[in-house]
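**Student:** what's the 3D shape of this:
(chains A, B, C and D)
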There are 2 protein chains.
Amino acid sequence: MTTRSGTESFGSESMTMRDVARRLGVSPMTVSRALRGARGISEATRARVLAGVSELGYRPNKLARGLRSGGPNELIGLVVTNLANPFYSQLAIGVEQVAVSFGARVVLGGTGEDAGTEQEVVADLVSRGVDGLVVVPTGYDHAHLGAVTAHGTPVVLAASPPMGIDADCVVVDDFGGTREACRRLLARGHRRIGFLGLPASLWTGSERFRGYAVALEEAGIDVDERYVSRHRGDIALAERAARDMLALPDRPTALVTANNRNTIGALRALRDWTGDDIALAGFDDIELADMLQLPLTVVSYSAVDVGRSAAKLLFEHLESSGPLPRSSRRVVIPTTLVDHPTAALVPH
Amino acid sequence: MTTRSGTESFGSESMTMRDVARRLGVSPMTVSRALRGARGISEATRARVLAGVSELGYRPNKLARGLRSGGPNELIGLVVTNLANPFYSQLAIGVEQVAVSFGARVVLGGTGEDAGTEQEVVADLVSRGVDGLVVVPTGYDHAHLGAVTAHGTPVVLAASPPMGIDADCVVVDDFGGTREACRRLLARGHRRIGFLGLPASLWTGSERFRGYAVALEEAGIDVDERYVSRHRGDIALAERAARDMLALPDRPTALVTANNRNTIGALRALRDWTGDDIALAGFDDIELADMLQLPLTVVSYSAVDVGRSAAKLLFEHLESSGPLPRSSRRVVIPTTLVDHPTAALVPH
DNA sequence: CTGTTAGCGCGTTCAG
DNA sequence: CTGAACGCGCTAACAG
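**Tutor:** Prediction:
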């Protein structure tokens, strides 16, 4: 008799600690102590209680536990703008991995890229007793998150540094990665390089553009606004912007794209392009990039690592119970430049 | 003065309903009633209380509420095998959308494709007071989920029908989709069609293979075991299996793949293939499939819809409070066959 | 319409 | 080492 039949895993009507205690002829307190591995109880009774608990299929109510102690609820919140973006699902994977390793679970909160919703979602999660939050902030004013920290719930930012508050954060090397990508294009002789990017109001948008601008400046090239398009990253918008750039009389010979959606837009534009070869480099790796019809250089990094690091920072705060030191560490996730040659160009 | 400054959204130390009541000179009960829109309170006092609540930035503690009322906690659990699989992140998106539209949030639970872990995770989520669960079951015995339902927590299955219990479920048309894909290959004159699939122990694996077998039988072709590979869907394993099949003396002229990882493996194998053209059709759509170097036919469907439908079924149960009728509805998400021609074959 | 009492299930505190 | 009382924050159920 190794495992019990699943059908008995739950009492028919949810059982309380008192019920267990009664049937075992002890006090609820003894059951509680046995269950939490607390001291002040003999090994004999503990074993007996645990056996009974397992027998009856009793599970303590975590809601009640959290309500009572103010102690950890083993629950953290993950607030992201848009789960449909693969970056965020990867991030969620990382956060979940670390959370589970600390015995905690993850509650999701989607903001739909709206700052008001973000504030609402964060407040809701706090009212649900999350021990902490990993937040990908939407806006450029994080003051309301500062209020959460003050309330006693630590917050770690992902993909953007804190603005207007102190908080730990994990960011990708947006600047360095983009600069490297541009440098590679420059090293290959390109002088007219187009940029398809994100709004300057987004941290990543701003940093990646800066990487582009610095790389060009290092090469003694001025940024030409006709070669720059910055928008919220729709694939359709990116494709159109790429087409427009290619229609210029002195069109760019290479394009740099600031995220995967811009890259895909550019790829679609180039798919129909019949003129000279256009080189392409972009932020974010793409699955099957080695199967595409065009060679592609990408700035690759692990979004899972972003999530993992953020969660780790969060749990460090949670372990060291105290009045939340004004920490403001910054972890930078490195990027790698990867060349994906086309199969046709690399015969076997 | 439209919005309040974010900094005041939380009291410095978490405030209780009694604090609010005291400062307003009323009883906690009045505050409670005002907050929940309960009846038995004059509009005047309600307005005054709500103003005060908003002023003080008070938020009720949902843990305490849930504990007391036994009512809905506005929290549902989503249990999946492996978030890294895009199917599950899409599913999560759908579930989250519907949950939010019902004012609920989603707690994640990963099982790592282990039946024991699944049982543990489900029990944990129940102990956290979820109102219901959407589960992508791991094993082929769902008895332990039946125990959860008996406990009073409704469960909806996704991607697999219930086995050994009664439960609502949402499944993809695995059988029909695969049969269509095979039919298309047969219509193009292929007679030797290879199958790269999943273990028969998985529902999807079994159903998709059945679609393959039926399509062949309809065409008067016997299944040739040399053309069939069934394994847990690693990309590497799939690639190897594809290579092995192509090495056969009378090799298949077409391959059918049972999921995206098998498709990718097959694509990689074909990338280096120098012989006659091999046709490829697979379950699951692939982003940028139209940019690949090979034409590809895919069985496409919306994983988001799977999540949405599952969540909708769940909330229907939750709305109709009662002793959980032994419901066992089955929603089938349809598939579409999509041809992705290669750019090179479709000049513009 | 409003306020008081009691208790959700558990854990801290203090007696035995 | 064990048990009894009390309270976490909120809300049914009953007073007034």
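**Student:** List, one by one, the residues from chain A near DNA strand C.
**Tutor:** A:14, A:16-18, A:28-29, A:32, A:35-36, A:38, A:60-61, A:64-65, A:67-69, A:71 (C-beta under 7 Å from any atom of the strand). For every residue, glycine as well, the C-beta is placed using N, CA and C.
**Student:** so what's the backbone phi/psi at A:Asp339?
**Tutor:** Here is the backbone geometry of A:Asp339 (degrees, to the nearest 10): phi -100, psi 120.
**Student:** ok, for A:Asp244, nearest residue in space, not its chain neighbours?
**Tutor:** A:Ser229 (7.6 Å; C-beta to C-beta, 6 or more residues apart in numbering or on different chains).
**Student:** May I have the secondary structure class of that neighbour?
**Tutor:** strand (DSSP: H, G, I helix; E, B strand; the rest coil).
**Student:** isn't it right up against A:Met245?
**Tutor:** Yes. Taking C-beta atoms under 8 Å as the definition, A:Ser229 is a contact partner of A:Met245 at 7.1 Å.
**Student:** from the residues of chain A next to DNA strand C, which are also near DNA strand D?
**Tutor:** A:29, A:64, A:67-68.
**Student:** Report the two of the residues you listed separated the most.
**Tutor:** Using C-beta to C-beta, the pair of these lying farthest apart is A:Met29 and A:Leu67, separated by 17.5 Å.
**Student:** Give the residue from the two that has the larger number of neighbours.
**Tutor:** Ranked by neighbour count (other C-beta atoms under 10 Å in any protein chain shown), A:Met29 and A:Leu67 place A:Leu67 first, with 18 against 13.
**Student:** would that one count as being in a helix?
**Tutor:** Yes. Using three-state DSSP, the assignment for A:Leu67 is a helix.
**Student:** how near is it to A:Asn262?
**Tutor:** 47 Å (C-beta to C-beta, to the nearest Å).
**Student:** So which residues of chain A form helices?
**Tutor:** A:17-24, A:28-36, A:43-56, A:62-69, A:86-101, A:115-127, A:143-151, A:174-187, A:203-218, A:235-246, A:260-271, A:303-319 (DSSP state H).
**Student:** what would the ones you listed look like in a markdown table with mean pLDDT?
**Tutor:** Below are the helices of chain A laid out as a markdown table (pLDDT from 0 to 100):
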| stretch | mean pLDDT |
| --- | --- |
| helix A:17-24 | 91 |
| helix A:28-36 | 91 |
| helix A:43-56 | 91 |
| helix A:62-69 | 87 |
| helix A:86-101 | 95 |
| helix A:115-127 | 95 |
| helix A:143-151 | 89 |
| helix A:174-187 | 98 |
| helix A:203-218 | 97 |
| helix A:235-246 | 95 |
| helix A:260-271 | 94 |
| helix A:303-319 | 95 |
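**Student:** Next one: stretch A:293-306, is it in contact with chain B?
**Tutor:** Yes. Applying C-beta under 8 Å from any C-beta of the partner chain, one finds that stretch A:293-306 is in contact with chain B at A:293-294.
**Student:** send the alpha carbons of that stretch over as CSV?
**Tutor:** Extracted C-alpha coordinates of stretch A:293-306, given in CSV (Å, rounded to 0.1, in the frame of the first residue of the first chain):
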residue,chain,number,x,y,z
GLN,A,293,15.1,32.8,-47.1
LEU,A,294,17.2,35.7,-46.0
PRO,A,295,20.3,35.8,-43.8
LEU,A,296,19.5,37.5,-40.5
THR,A,297,21.6,38.8,-37.7
VAL,A,298,19.9,38.9,-34.3
VAL,A,299,20.6,40.2,-30.9
SER,A,300,19.8,37.2,-28.8
TYR,A,301,19.1,36.9,-25.1
SER,A,302,17.2,34.8,-22.6
ALA,A,303,13.8,36.3,-21.7
VAL,A,304,13.5,33.3,-19.3
ASP,A,305,16.7,34.6,-17.5
VAL,A,306,15.1,38.0,-17.1
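**Student:** Would you mind confirming that A:Thr178 makes contact with A:Tyr212?
**Tutor:** Yes. Using C-beta under 8 Å, A:Thr178 makes contact with A:Tyr212 at a distance of 5.5 Å.
**Student:** Comparing those two, which shows the higher neighbour count?
**Tutor:** Each of A:Thr178 and A:Tyr212 has its neighbours counted (other C-beta under 10 Å); A:Thr178 has more, 30 against 24.
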